[in-house]
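Undergrad: for reference, the sequence and a predicted model appear below.
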Amino acid sequence: MNIYIDRVRYQETVTQISYRDGSIEINSLTASVIGARVNRGGCWYIVSRQGVDADPSDLEKRALSLARDSVCSDFSEAELFKGSVEIGKEFPSEDEVAKLVTELCQEVKASYNVKCEIVVGMHHRVRTISREGGDEAKESKKFVDIEIGFLGTTTYGQNIFASSHSAFVAWSANSIVRNIDLLFRDTVSRIGKNIKVKALKPYEVGRSQIILGNEATAALIHEISHMLSPLYPHSIRLIGFKLFPDEFNLYDEPNTHDTPAIRFFDDEGVTTRKRVLIENGVIRDLHHTRATAKSFSSEPGSAHGLFTNPTPFHTTLVLASGDWGEREMIEETKRGFLIDGISIAMLEEGYIRIVPQTSFLIENGEIVESIKIREVRVPLQTLKTVNAISKNPRTRVSEEKGWIVSEIAPQIRLEGFVY
């Protein structure tokens, strides 16, 4: 029985600068974890220890002692990455970021009298996978994640809230400062839209035309991505199933350079490549690790998890753009709703649930007013009703079990249910 062995080292240095309604916090953390991994019969045996003094040879011996003759699944052949890559170059100074977030929060407080919180994390992560024979795959990545939140009340006593989250590769100090400011401006615009929000009328509840903004579309395809895992129940039956109309094409593009999810090898050390997931509306492939790829006759390269049994998921999910203008989509909607920012999205039994942060009523091709929608439900069977895809995509960054993942999505129009 073939045995695969490697050694893994993960190091992270993070500095977090936080402004919380008048207070500033600057905290730094450095962590290092060393592990040994053995795969025998498709089963993983992993032992790790925190700290630079851990002896990798001792960890490997222990992992080997755990390995049994049990069989989990076949372990596919794979092209393993060799070499070193550096993603990101420099961070802004801590003092510069602290000064910027203070000024921004003071600005929004003066304009809307809201409590303001901005948290900026500057991360430098290094992961190294060393294999027998001296081969090594090493990645050094510098990125910044940003969380912004506003909370207040209107003059009528109505609560108003807006939040945003994103992350960016630290290609330059100036680009990070600019992106913090741009994300702040976008969040401020949401506060303005929510001040005069109106309740959903009883006759407006139910099935309707819905335009999902870039963030809402990104959240939708993120939930679709969960279905495209071979660990999803009955996923093998999805291959060849037509889920969307012909114009819908979805890919995983892990080498996309302008998202912090970029990577050239996965957590099994497998070289990553573009993966066609949905083509002309038909599901063509799933995310795969070396264990799942063999049984599905596919290729690995989607593994997440250095110190756990690797899980298949996307890195940067890309929905191909269409030929509709965003204004044109609204003008061609007689009656419906525009879902802008979102608070949360979840894959439920038979449908995807989206909780909007901001939403608008559309009548006769015009945005009429801001509407409070509790949730939007998109049944899986209505995904075929997608009838417009916009030209201009935007990037959304999120976390999935601690992994940084991204979605690049245009706006789409389809049928769904509002409540």
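TA: Yep, that arrived. Numbering: from 1, shown residues only.

Undergrad: contacts for the one helix or strand in the chain whose mean pLDDT sits lowest, please.
TA: Least confident helix or strand, the chain: strand 198-199 with a mean of 87, by mean pLDDT, DSSP states H and E. Applying CB atoms under 8 Å, 6 or more residues apart in numbering, the external contacts of strand 198-199 come out as 369, 370, 371, 372. (Each C-beta comes from the backbone N, C-alpha and C, glycine too.)

Undergrad: redo the residues you listed as a markdown table? Include secondary structure, distance to residue 217 and neighbour count.
TA: Putting the contacts of strand 198-199 into a markdown table (DSSP: H, G, I helix; E, B strand; the rest coil; distance: CB to CB, whole Å; neighbours: other CB atoms under 10 Å) gives the following:
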| residue | secondary structure | distance to residue 217 | neighbour count |
| --- | --- | --- | --- |
| 369 | strand | 22 | 11 |
| 370 | strand | 20 | 18 |
| 371 | strand | 19 | 20 |
| 372 | strand | 21 | 13 |
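
Undergrad: redo those as a markdown table? Include pLDDT and distance to residue 53.
TA: Supplementary listing: the contacts of strand 198-199 in a markdown table, determined by pLDDT from 0 to 100; distance: CB to CB, whole Å:
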| residue | pLDDT | distance to residue 53 |
| --- | --- | --- |
| 369 | 92 | 62 |
| 370 | 91 | 57 |
| 371 | 93 | 58 |
| 372 | 91 | 56 |
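
Undergrad: returning to that earlier point: next secondary structure after the least confident helix or strand of the chain?
TA: Using DSSP states H and E, the helix or strand that follows strand 198-199 in sequence is strand 206-212.

Undergrad: neighbouring strands of that next one in the sheet, and parallel or not?
TA: Strand pairing for strand 206-212, determined by DSSP bridges: strand 335-339 (parallel), strand 412-418 (antiparallel).

Undergrad: among those strands, which is nearest residue 162?
TA: strand 335-339 (14.9 Å; CB to CB).

Undergrad: buried sites along that closest one?
TA: By neighbour count on 16 or more other CB atoms under 10 Å, the buried set for strand 335-339 is 336, 337, 338, 339.

Undergrad: ok, back up a step: adding distance to residue 327, write the contacts of strand 198-199 out as JSON lines.
TA: Converted to JSON lines, the contacts of strand 198-199 look like this (distance: CB to CB, whole Å):
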{"residue": "369", "distance to residue 327": "18"}
{"residue": "370", "distance to residue 327": "18"}
{"residue": "371", "distance to residue 327": "19"}
{"residue": "372", "distance to residue 327": "24"}
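
Undergrad: let me know the closest of those to residue 205.
TA: Nearest to residue 205 out of these is residue 371 (CB to CB; 11.2 Å).

Undergrad: which residues are in contact with that closest one?
TA: Taking CB under 8 Å, 6+ apart as the test, what residue 371 contacts is 197, 198, 199, 200, 204, 337, 359, 360, 361.

Undergrad: which non-adjacent residue is nearest it?
TA: Distances taken as CB to CB, 6 or more residues apart in numbering put residue 361 closest to residue 371, at 4.8 Å, once the chain neighbours are dropped.

Undergrad: separation between the one you found and residue 215?
TA: Distance from residue 361 to residue 215, counting by CB to CB, to the nearest Å: 19 Å.

Undergrad: who's more crowded, these two?
TA: Between residue 361 and residue 215, counting by other CB atoms under 10 Å, residue 215 is the more crowded of the two (26 against 21).

Undergrad: quick one: which of the strands paired with strand 206-212 is nearest residue 273?
TA: Per CB to CB, nearest to residue 273 of those: strand 412-418, 26.1 Å.

Undergrad: put the alpha carbons of the closest one into CSV.
TA: Provided in CSV are the C-alpha atoms of strand 412-418 (Å, rounded to 0.1, in the frame of the first residue of the first chain):
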residue,chain,number,x,y,z
ILE,A,412,-28.1,39.0,-12.2
ARG,A,413,-31.8,39.1,-12.5
LEU,A,414,-34.0,36.1,-11.7
GLU,A,415,-37.2,35.2,-9.9
GLY,A,416,-37.3,34.6,-6.1
PHE,A,417,-39.5,35.2,-3.0
VAL,A,418,-39.3,38.2,-0.7
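
Undergrad: so where's the chain uncertain?
TA: When residues are selected by pLDDT under 70, those of the chain lie in 1, 154-157.

Undergrad: what does the biggest helix by length in it contact?
TA: Taking DSSP state H as the criterion, the chain has its longest helix at helix 173-194. Where contact means CB under 8 Å, 6+ apart, the residues beyond helix 173-194 that reach it are 90-93, 96-97, 100-101, 104, 108, 111-112, 114, 118, 120, 144, 146, 148, 150, 152, 160-164, 166, 168, 170, 340-341, 357-358, 360, 370.
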